[in-house]
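In: return a 3D structure for these sequence lines:
(chains A and B)
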There are 2 protein chains.
Amino acid sequence: MNDSLAAFFKPGTVAVIGASTKPTKLGHAVLKNLVEGGYVDQGTIYPINPGADEILGQTAYASVLEVPNQIDLAVIVIPYPNVPAALRECGQKGIPAAIVISAGFREAGMEGLERERELVQIAQEFNIRLIGPNCLGVIDTFTPLNASFSAGTPPSGPMAFMSQSGALGTAVLDIALAGRLGLSKFVSLGNKADVSETDLLQAWADDPHTRVIMIYSEGMPNGQEFIRVARQVTQKIPVIAIKSGVTQSGSRAVSSHTGSLAGSEQAYQAAFKQAGILRADSMESLFDMALAIGYQPSLSGERIAIVTNAGGPGILATDALERAGLSMARFQYETIHALEQYLPDAASAANPVDVLGDARADRYHFALETVAADPHVDGLLVLLTPQAMTEIEATAQVLGELAKNISKPILACFMGEARVQTGIEILNQAGIPNYPFPERAAGAFKAMADERQNRSRPALEIVQFEVDRPAVGKLFKQVESEGRVSIGDAEARTVLQAYGLRIPRSEVADTPEKAVEIASQIGFPVVLKIASPDILHKTDVGGVKVGLQDAEQVRDAYELMIYRAQRYLPEARLWGCLVQEMVPAGGVEVLIGMNRDPQFGPLVTFGLGGIYVETLKDVTFRVAPFSPSEAEQMLDEIRAHAILDGVRGKPALDKSAIVDVILRVAQLVQDFPTIAELDINPLMVYPRDQGAIAIDMRLILSHEPDMPSGAHK
Amino acid sequence: MNDSLAAFFKPGTVAVIGASTKPTKLGHAVLKNLVEGGYVDQGTIYPINPGADEILGQTAYASVLEVPNQIDLAVIVIPYPNVPAALRECGQKGIPAAIVISAGFREAGMEGLERERELVQIAQEFNIRLIGPNCLGVIDTFTPLNASFSAGTPPSGPMAFMSQSGALGTAVLDIALAGRLGLSKFVSLGNKADVSETDLLQAWADDPHTRVIMIYSEGMPNGQEFIRVARQVTQKIPVIAIKSGVTQSGSRAVSSHTGSLAGSEQAYQAAFKQAGILRADSMESLFDMALAIGYQPSLSGERIAIVTNAGGPGILATDALERAGLSMARFQYETIHALEQYLPDAASAANPVDVLGDARADRYHFALETVAADPHVDGLLVLLTPQAMTEIEATAQVLGELAKNISKPILACFMGEARVQTGIEILNQAGIPNYPFPERAAGAFKAMADERQNRSRPALEIVQFEVDRPAVGKLFKQVESEGRVSIGDAEARTVLQAYGLRIPRSEVADTPEKAVEIASQIGFPVVLKIASPDILHKTDVGGVKVGLQDAEQVRDAYELMIYRAQRYLPEARLWGCLVQEMVPAGGVEVLIGMNRDPQFGPLVTFGLGGIYVETLKDVTFRVAPFSPSEAEQMLDEIRAHAILDGVRGKPALDKSAIVDVILRVAQLVQDFPTIAELDINPLMVYPRDQGAIAIDMRLILSHEPDMPSGAHK
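Out: All right, here's what the predicted structure looks like:
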């Protein structure tokens, strides 16, 4: 996969199909970028244009088939009706890679979608890798190759960017052109008919010129594969992504834009976390994060030192760093002593170090060198306000020099706009990101801290429990053969037991007498529940009675329940009532569930049960498969996690039992893709070493089961 | 108060005490700004310098006392030891206003604090209003007056800015100098020895040149007065504030910086909300908000239309607007029809309107005019990416023209940096704020929506309940005379009853026999609680037993409780046990409390009770006094508010009973400033019209009661 994309970034020869002599045409712009972007000195360019002999100094040909040499990459910039034929010729010529810039495909309705399918077929037939259609093109600033119609070639740098939106790409390139950031690679993915984010991640993982990968995506159709690949890639290189279309209206906009299926916000959040991808919540923070990670050395701890010539901004920065979860470095004695010796009396030698408003560059220099040498400092944030005595450019140079000599990250916050401009340019040249306000610099440090945590993530570890899979398969077949999709409480017993979950003793009774008999065997008190495949929310119809103490109460409850069900839900099939053991008191109710995300697949949920927490929606998610350590993290992620550890003198709960159930549920829903939804609610969890009991479960099968072969065997 | 500050902004004559001939001195910079900033054409400047006859063309005097005319404003820029004497001379000369730029006061330790107190005394003696000391000065761009040592005078505009940090002020001025924003007034408040944020708010409320007031503050010593004034001012003009020092480390930085007392985060949040002040959580968003509110017409609804030449950014903007709580405008038929007629087929005529990547200015023009005319649209967000065909400057001009003709706000998001720069300057000149990314524009619209809500806020309405204040006063006197500070459950009865709260029937028993007798009178079952002024957390020592069914259980519980208390807390004074009526089942536990914030005073808390919510810290706050409508808002603000309205078939609770208790507690804590802390936990709330019962209360009096005279009478 890695090699198969090499032709897009370092081709020996490039053909531009649709190269035009007219400067207003995109086909001209692409050719011009190849020539002026420097590729002309590295490889051969073949303009393809039946009406020209030569364009921009390059010999033109009527067709790729007429080019005498091997072509590594074709860029197609012709009206959409002619694209399939042109791609077929590329195939005949043996070209391994094509960028289709032309629009008029999937984004243009049903006919366009058909045309796109045709492209994919041709590409598969001739083994061509395809970027686009409907895209801006590809840039590699190190080759150098600018195979796009961008306005100018961005400066080189450590950041690789892939964008599903070409227009957003133009904005990104324009930002790069202003000199604040440098790109290694730029790909406009367009409709992603073939090459996707997943492919590029894999291809860029080992790129020596790239220190950070940035993704703008509107949807990821093959979410499971994306997670799998990204898990590996992020062990090697930081990846930052922004996903648009997260809210309801946003999602509508996505569907009308590129026809992508918008995944639910929760699924993306879980998937990115599991994949080790840092998620930006705005375009601005995407750049803020990538600049720090791309240009500065990694953070090796979370202790930040601030050096400032202004108290107020120092406070704002301190606030922002703490809010972001970083800690203020506590200097060792030698550092404070040295600062106190050198700085004026009114200065602050503790963190944040206030070098005072009249500080010139030499005072910054001393303070920064002293603080940077302190082993208790992991990163430096340098604040500057343009006061009367401030030497803005000289201070920027001090930072640049310091950065050469230390391996700790330095971020700058030169506040202002007019007078600080030149200083900021000096910082840019030195590779020190500048943020206009302290809060944004703090956000960048937070991203560095998150990236540090990602690097130390363990690899995926899958636990396989011994379960009775055939029993569940048989039950589902039976249910499906009856044309049902929901599994009632009574049937759920089979599923839960087969997957090793503890459940209360219970049995279905079809008469009041039988119910009394079962209750006597189980032992009073018991719980009675209506047993029907058609009643999922039993409490809503009075279908659950707890604490029945004797035979009479069981008989009364049975008859009342059946009477009510027949009266209010005359259509429901009734099997009788389930007589169930009363589980021990002292448990805490939790919820474990699953629903299937259209892009990422099985999304497993954990949260506390009960009325408050349902109202508070205090739940967390993971896409199966996941490691036991990830299941453990879920327990820490809910806001009310303190309850699991025991509060107000209550004992700590059996967290390992919860993790066990989460993992078994994950295995169940992977074994049976036909399960569309599942809720164990409540799972009653007892104090440490006392386990957990699944009290109730609802389970919905998909109408059109789409199981891998053998899933039922 | 308003008038008393006029001399700071529109003085007829200004003296600069410490005006220097040396360009490197601050005293020179101030004089230069007065001259070059244009004041010299409006009024008379008197440089005060014993060693010069004339500076920068202005006749100098040795002392203000030698100036032949009236002086309206003195700017003092001399070493701190001489400031008191200079201020005294100002007093003798009858100068009504002085700006003390000199540092070396409160911020410089105990000696400095003494010096500052001396300044305040002199100011009071001579009735001088004082800005500073330790500040940058004052600017009014409309007078024009630049009485500061800023580097240059910022352009005029609708934004007034006050900053406790002078250094931050320099950064703000530098941003203004770059042309992106214009200031009406700028005040560096310094140590706030006299003039505070509250004074300036009052002075600026009716300023015809100001459309938005911005505040950077590190602490507000007289919080109650600030809220009272700001409540009125924000009815006339929007106020946006950023408060630094909100986190723990941040607060430490505040104390070491200006010696301000940092108020708790919760108190600020409540106070700003009650005062109608919009709160910015970063410097960047402070400007983002103020630009939109200051330069654009008010938002009259929350329906935003997006016009974009790029799908991706359109989705990002849609996401961000929805996340910010705004809604996407749904166009009327005529709008969609007109857009469909005019725009190319591939364009989107629904919101977000996608005019496509090849849109020139004319297409933007048509789309914007059409959308702006739709009565279902309250505000416009215009996105632009610099694509091949894009006419950046012409499109900016289209926006400028449109803004002249409509009364709806327009915000722009021209994305990029290099090629869009000139277009952004055109937007700036037309008063259309540009945001580099869609998320920031959405944040600005959110601020406009919040401002709209603020405008319609009702005035403060205080409810006074008839209560038995003397009974409480008498109890507190008794408690204080015994040297105690905590009020136990048994005594709390008196307080709760005196302020009209429902409480369970109860009585203290000092023997087991008495307990049984009281229980028989109340009726079984009963609750037994240990009665001791020294045991606040009764459950922790087994000091609460509920559901005691008969005489034997009461006797057993009594003896066990006393035994345990004596054993584990031998120091505690024991009064016996409180025998209490069992309150009806079916209630929901809530918590109502109060603690006293050092800056804002009584901070009243409301939240749900119980273990989950305590863990989740789902509570909300208000500073007393507040209106009944504000107490009602508290109920809606907790995350679990749905529980109050009944969930899962449970009945809606008696919300008016909760509001009643909140208001009575607010009255109690205002009547008795000696109450340091108070908790009613739980208040048991029953379904609608069934009221609420205060089950338990703890109350702590302050060690050093600081009551207004008559509070006990």
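In: C-alpha from now on. contacts and neighbour counts both.
Out: OK.
In: quick one: the nearest residue to A:K538 once chain neighbours are set aside from A:A531, how far?
Out: Spatial nearest neighbour of A:K538, chain neighbours left out: A:V544 (6.3 Å); criterion: C-alpha to C-alpha, 6 or more residues apart in numbering or on different chains. Distance from A:V544 to A:A531, counting by C-alpha to C-alpha, to the nearest Å: 10 Å.
In: if we can go back for a sec, ok, now which ones touch the residue nearest to A:K538?
Out: Under the criterion of C-alpha atoms under 8 Å, 6 or more residues apart in numbering or on different chains, the neighbours of A:V544 are A:527-530, A:538.
In: tell me the most packed of the residues you listed, by neighbour count.
Out: Ranked by neighbour count (other C-alpha atoms under 10 Å in any protein chain shown), the contacts of A:V544 have A:I530 at the top, with 30 neighbours.
In: next up, phi/psi of the residue nearest to A:K538, please.
Out: A:V544 adopts backbone torsions of phi -140, psi 130, taken as degrees, to the nearest 10.
In: report pLDDT for it.
Out: Looking at A:V544, its pLDDT stands at 88.
In: same question, A:G104
Out: 92.
In: surely it meets A:Y80?
Out: Yes - in this structure A:G104 lies within contact range of A:Y80 using C-alpha atoms under 8 Å: 5.7 Å.
In: pLDDT (mean, whole number) over the strand or helix carrying A:P47?
Out: Taking DSSP states H and E as the criterion, the element that holds A:P47 is strand A:44-48. Taken as a whole, strand A:44-48 carries a mean pLDDT of 97.
In: and the contacts of it?
Out: Here strand A:44-48 makes contact (C-alpha under 8 Å, 6+ apart) with A:12-19, A:31, A:34, A:54-55, A:58-64, A:67.
In: now the residues you listed: which count as buried?
Out: For the contacts of strand A:44-48, a burial check counting by 16 or more other C-alpha atoms under 10 Å in any protein chain shown picks out A:13-19, A:31, A:34, A:54-55, A:59-64, A:67.
In: inside strands: which ones of those?
Out: Under the assignment DSSP state E, the buried ones among the contacts of strand A:44-48 contribute A:13-17, A:54-55, A:59 to strands.
In: of those residues, closest to chain B?
Out: A:V16 (18.2 Å; C-alpha to the nearest C-alpha).
In: thought A:M220 was touching A:Q599?
Out: Yes - if you go by C-alpha under 8 Å, A:M220 and A:Q599 touch, sitting 6.4 Å apart.
In: centroid residue for chain A?
Out: In chain A, the residue lying closest to the centroid (C-alpha atoms, centre = their mean) is A:F272, at 2.2 Å.
In: separation between it and A:F226?
Out: Distance of A:F272 to A:F226, computed by C-alpha to C-alpha: 10 Å.
In: equivalent analysis for A:P438, please.
Out: Taking C-alpha to C-alpha, one finds A:P438 at 35 Å from A:F226.
In: one more: A:F626?
Out: From A:F626 across to A:F226, the span is 14 Å (C-alpha to C-alpha).
In: then A:L136?
Out: 23 Å.
In: between those two, who's got more neighbours?
Out: A:L136 (32 against 22).
In: so where's chain A uncertain?
Out: For chain A, applying pLDDT under 70 flags the ranges A:1-3, A:246-263, A:611-614, A:648, A:703-713.
In: go again using 80 as the cut-off
Out: A:1-4, A:245-264, A:488-490, A:536-541, A:585-586, A:610-617, A:647-649, A:703-713 (pLDDT under 80).
In: now the farthest one out in it, which residue is it?
Out: Outermost residue of chain A (C-alpha atoms, centre = their mean): A:E552, 56.7 Å.
In: contacting residues around the strand or helix carrying it?
Out: Following DSSP H and E, one finds A:E552 within helix A:551-568. Contacting residues not belonging to helix A:551-568 are listed as A:512-513, A:515-516, A:519-520, A:528, A:530, A:541-543, A:545, A:548, A:572, A:574, A:576-577 [C-alpha under 8 Å, 6+ apart].
In: out of those residues, which end up buried?
Out: Burial by neighbour count, 16+ other C-alpha under 10 Å: within those this picks out A:512, A:515-516, A:519, A:528, A:530, A:543, A:545, A:548, A:574, A:576-577.
In: widest-spaced pair of the residues you listed?
Out: Using C-alpha to C-alpha, those span at most 21.0 Å, a distance reached by A:L548 and A:L574.
In: isn't A:V212 up against A:Q296?
Out: No - with contact defined as C-alpha under 8 Å, A:V212 does not count as touching A:Q296 (10.9 Å).
In: more neighbours: which of these two?
Out: Between A:V212 and A:Q296, counting by other C-alpha under 10 Å, A:V212 is the more crowded of the two (26 against 20).
In: gap between that one and chain B?
Out: The gap separating A:V212 from chain B is 20 Å, by C-alpha to the nearest C-alpha, to the nearest Å.
In: got the domain ranges for chain A?
Out: A:3-292, A:296-455, A:505-581, A:588-701 (automatic domain parsing).
In: so which of these gets nearest B:Q341?
Out: domain A:3-292 (17.8 Å).
In: list the buried ones in stretch A:532-539?
Out: Here stretch A:532-539 shows A:532-536, A:538 as buried, counting by 16+ other C-alpha under 10 Å.
In: rebuild those as a markdown table, extending it with secondary structure and distance to A:P504.
Out: Output for these, formatted as a markdown table (DSSP: H, G, I helix; E, B strand; the rest coil; distance: C-alpha to C-alpha, whole Å):
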| residue | secondary structure | distance to A:P504 |
| --- | --- | --- |
| A:S532 | coil | 18 |
| A:P533 | coil | 19 |
| A:D534 | coil | 22 |
| A:I535 | coil | 20 |
| A:L536 | coil | 19 |
| A:K538 | helix | 17 |
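In: so where do the helices sit in the stretch 501-650 of chain A?
Out: Along the stretch 501-650 of chain A, the stretches classed as helices by DSSP state H, counting those that start in this stretch are A:512-522, A:551-568, A:610-616, A:628-637.
In: now render the ones you listed as CSV, adding distance to B:S348.
Out: Listed next are the helices of the stretch 501-650 of chain A as CSV, based on distance: least, C-alpha to C-alpha, whole Å:
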stretch, distance to B:S348
helix A:512-522, 63
helix A:551-568, 48
helix A:610-616, 38
helix A:628-637, 41
